[in-house]
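Q: Quick one, structure for this:
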Amino acid sequence: MGFRFRKSISIIPGVRVNLSNGTPSLSVGPRGASVSFGSRGTYANLGVPGTGLSYRTRLDRSARSRSGGSTQSDPALHHALEEEVLALMSAVHAITNIHELTPDISTGTTLAELESLYLRSLMEPFQIPAPVRPVKPESQAMPAQPEKNEGVGFLGKLFESESARTARHAENLLRWEQELADTVRENALQLQRYQQQRAAWAEQYANWQHEANEHAVKLESSQANAQQQFLSDSAWFESVLSEVLSQTEWPRETLVAFEVKPEQSVVMLDVDLPEIEDMPDKIYSVNARGTEITEKAMSQKAQRENYARHVHGCLMRLAGIAFYALPFDTVIISGFTQRISKRTGYLEDEYITSCRCNRQVMENLNFMGIQNVDPVEALNSHTVIRKMSSTFIFQPIEPLTLNAGFN
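A: Okay, here's the model as predicted:
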């Protein structure tokens, strides 16, 4: 991708990093719970904080096998299945309503606190570690083509009719072809994202070297000069935001590019949003007998509405994190998705929403009752650029820029 801003960072699911460079930290995100997406499925990773216990379960494929094939009601089994359904649907809710983790920006870091940290940091050696070069991922193995007898039990081999055998094998082949296509798509996206992360790392490393040299120069300046430099030191404010973002838990690995303009009191961010195909698309429940977990496909409109809430929630949460970390007036945040172009074969960015957020407007949100906030409506209180239909279908846009309300 062609980065619009000079700094970027990958937010890693369930990873918290403490860089210990004297800058303020922020811990936001669901402790003990994360979600991973990919061609192998959508999984909820659930844990109980403080116990070391964890649980991994798939969200996008039938969980009927967990019943063990029981046909008789068992109260203990029924209760266990209800607990699992609750965990599944809680994970789906957490993905859809990611905005509920937006921090209360009125409790964030003040300018005086940052200035104190800035002056103190100039008296210390440069402590920010060099960015870690990303590891090239291994491609996922292609799924094996199903055998003709796959999915049939012992009795089925004896009594299954030829037509039933043909229908079962055709269904297995269709599922295999879909998994094959998903794997090819995921491998292509994975490679393109690695190349993007590799380019981001190279840029981050160059910025790190520059900041290390700048720090050495600043050590030689007087405190009076440092106070004058404080409000114009973009690199330092970006390091503050970078540390806060690095400690943020996110449902999937997400690239965020950003730039800070302290003299204009502006933070600009671009975020790599998930595709709608990566979102959970099932509703789970326990059957009437209490013997198995059943799934029901969401309607396409419901899935698109959940995706719209997630997209706007991502922007709302990141804007809130930026306002929490830096006491500036404006956050310009834009979200893009990535598609493999049929025209070029390369991964290309498509911006689908862009928002100029105002601190005073966002401070008016009821953070104590944020579960009652609709992220779509909340962003409508700011300057928003998007082309979204009444059925939540997005079209590409041109994102907002610093010097104009519209690009």
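Q: Specify the local secondary structure of residue 143.
A: coil (DSSP: H, G, I helix; E, B strand; the rest coil).
Q: Sorry, slip of the keys, the one I care about is residue 400.
A: Assignment for residue 400 (three-state DSSP): coil.
Q: Where does the prediction get shaky in this structure?
A: 1-3, 6, 12-73, 151-160, 221-224, 404-407 (pLDDT under 70).
Q: after the longest helix anywhere in it comes which helix or strand?
A: Among the segments of the chain that qualify as a helix by DSSP state H, the longest is helix 162-219. Sequence order places helix 223-230 as the next helix or strand after helix 162-219, per DSSP states H and E.
Q: What is the distance between the longest helix of the chain and the centre of its chain?
A: Distance, stretch centre to chain centre, for helix 162-219: 14 Å (CA atoms, centre = their mean, to the nearest Å).
Q: Stretch 327-344 too?
A: 13 Å.
Q: Using PDB, write out every CA atom in it.
A: Provided in PDB are the C-alpha atoms of stretch 327-344 (Å, rounded to 0.1, in the frame of the first residue of the first chain):
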ATOM      1  CA  PRO A 327      -4.700  16.200  24.400                       C
ATOM      2  CA  PHE A 328      -5.300  17.500  20.900                       C
ATOM      3  CA  ASP A 329      -8.500  18.900  19.400                       C
ATOM      4  CA  THR A 330      -8.900  16.900  16.200                       C
ATOM      5  CA  VAL A 331      -8.500  13.300  15.000                       C
ATOM      6  CA  ILE A 332      -8.800  12.600  11.300                       C
ATOM      7  CA  ILE A 333      -9.300   8.900  10.900                       C
ATOM      8  CA  SER A 334     -10.000   6.900   7.700                       C
ATOM      9  CA  GLY A 335     -10.700   3.200   7.200                       C
ATOM     10  CA  PHE A 336      -9.800   1.100   4.200                       C
ATOM     11  CA  THR A 337     -10.200  -2.500   3.100                       C
ATOM     12  CA  GLN A 338      -7.900  -4.500   0.900                       C
ATOM     13  CA  ARG A 339      -9.000  -6.500  -2.200                       C
ATOM     14  CA  ILE A 340      -7.000  -8.300  -4.800                       C
ATOM     15  CA  SER A 341      -7.700  -6.400  -8.000                       C
ATOM     16  CA  LYS A 342      -8.900  -8.500 -10.900                       C
ATOM     17  CA  ARG A 343      -7.300  -5.900 -13.100                       C
ATOM     18  CA  THR A 344      -3.800  -6.000 -11.700                       C
END
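Q: which parts of that stretch are buried?
A: 327, 328, 330, 331, 332, 333, 334, 335, 336, 337, 338 (16 or more other CB atoms under 10 Å). For the C-beta atoms, the positions are set from N, CA and C on the backbone; glycine is no exception.
Q: how about residue 5, what does it touch?
A: 257, 258, 259, 268, 269, 270 (CB atoms under 8 Å, 6 or more residues apart in numbering).
Q: quick check, it in a strand?
A: No: counting by three-state DSSP, residue 5 falls outside a strand, being coil.
Q: so the closest residue to it other than its chain neighbours bridges to which residues?
A: Excluding its sequence neighbours, the residue lying closest to residue 5 (CB to CB, 6 or more residues apart in numbering) is residue 259, at 3.8 Å. Beta-bridge pairing for residue 259 (DSSP bridges): residue 268.
Q: any idea how far residue 259 is from residue 237?
A: 10 Å (CB to CB, to the nearest Å).
Q: again with residue 339
A: Counting by CB to CB - residue 339 and residue 237 are separated by 33 Å.
Q: how long is stretch 225-242 from one end to the other?
A: 25 Å (CA to CA, to the nearest Å).
Q: in it, what counts as buried?
A: Buried, per 16+ other CB under 10 Å, within stretch 225-242: 226, 230, 233, 236, 237, 238, 239, 240, 241, 242.
Q: quick one: which of these is nearest residue 387?
A: residue 241 (29.0 Å; CB to CB).
Q: how much space is there between residue 334 and residue 279?
A: 20 Å.
Q: Over to residue 131?
A: 30 Å.
Q: One more: residue 186?
A: Taken as CB to CB, the span from residue 186 to residue 279 is 15 Å.
Q: Same question for residue 392.
A: 12 Å.
Q: more neighbours, these two?
A: Ranked by neighbour count (other CB atoms under 10 Å), residue 392 and residue 279 place residue 279 first, with 22 against 19.
Q: residues contacting that one?
A: Contacts of residue 279 (CB under 8 Å, 6+ apart): 42, 95, 303, 306, 307, 310.
Q: what about 7 Å?
A: 95, 303, 306, 307, 310 (CB atoms under 7 Å, 6 or more residues apart in numbering).
Q: And the furthest pair within the residues you listed?
A: Farthest pair in the contacts of residue 279, by CB to CB: 95 and 303, 11.6 Å.
Q: Which one's more surrounded, these two?
A: Using other CB under 10 Å, the more surrounded residue of residue 95 and residue 303 is residue 95, with 25 against 19.
Q: The more buried one in helix, strand or coil?
A: helix.
Q: Does it touch residue 280 like I think?
A: Yes: because the distance of 6.3 Å satisfies CB atoms under 7 Å, residue 95 is recorded as touching residue 280.
Q: Turn the buried residues of stretch 225-242 into TSV, including secondary structure and distance to residue 348.
A: Listed next are the buried residues of stretch 225-242 as TSV, based on DSSP: H, G, I helix; E, B strand; the rest coil; distance: CB to CB, whole Å:
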residue	secondary structure	distance to residue 348
226	helix	43
230	helix	40
233	coil	35
236	helix	34
237	helix	31
238	helix	27
239	helix	30
240	helix	32
241	helix	27
242	helix	26
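Q: For residue 83, what is the enclosing helix or strand?
A: helix 75-96.
Q: Export that helix to CSV, keeping only CA atoms.
A: Written as CSV, here are the backbone C-alpha positions of helix 75-96 (Å, rounded to 0.1, in the frame of the first residue of the first chain):
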residue,chain,number,x,y,z
PRO,A,75,-29.1,-31.5,32.4
ALA,A,76,-25.3,-31.3,32.8
LEU,A,77,-24.8,-31.4,29.0
HIS,A,78,-27.6,-28.9,28.4
HIS,A,79,-26.0,-26.5,30.9
ALA,A,80,-22.5,-26.9,29.3
LEU,A,81,-23.9,-26.3,25.8
GLU,A,82,-25.8,-23.2,27.0
GLU,A,83,-22.5,-21.9,28.5
GLU,A,84,-20.7,-22.5,25.2
VAL,A,85,-23.5,-20.7,23.2
LEU,A,86,-23.2,-17.8,25.6
ALA,A,87,-19.5,-17.6,25.1
LEU,A,88,-19.9,-17.9,21.3
MET,A,89,-22.6,-15.2,21.1
SER,A,90,-20.6,-13.0,23.5
ALA,A,91,-17.6,-13.2,21.2
VAL,A,92,-19.8,-12.2,18.2
HIS,A,93,-21.2,-9.3,20.2
ALA,A,94,-17.7,-8.2,21.2
ILE,A,95,-16.7,-8.1,17.5
THR,A,96,-19.8,-6.3,16.4
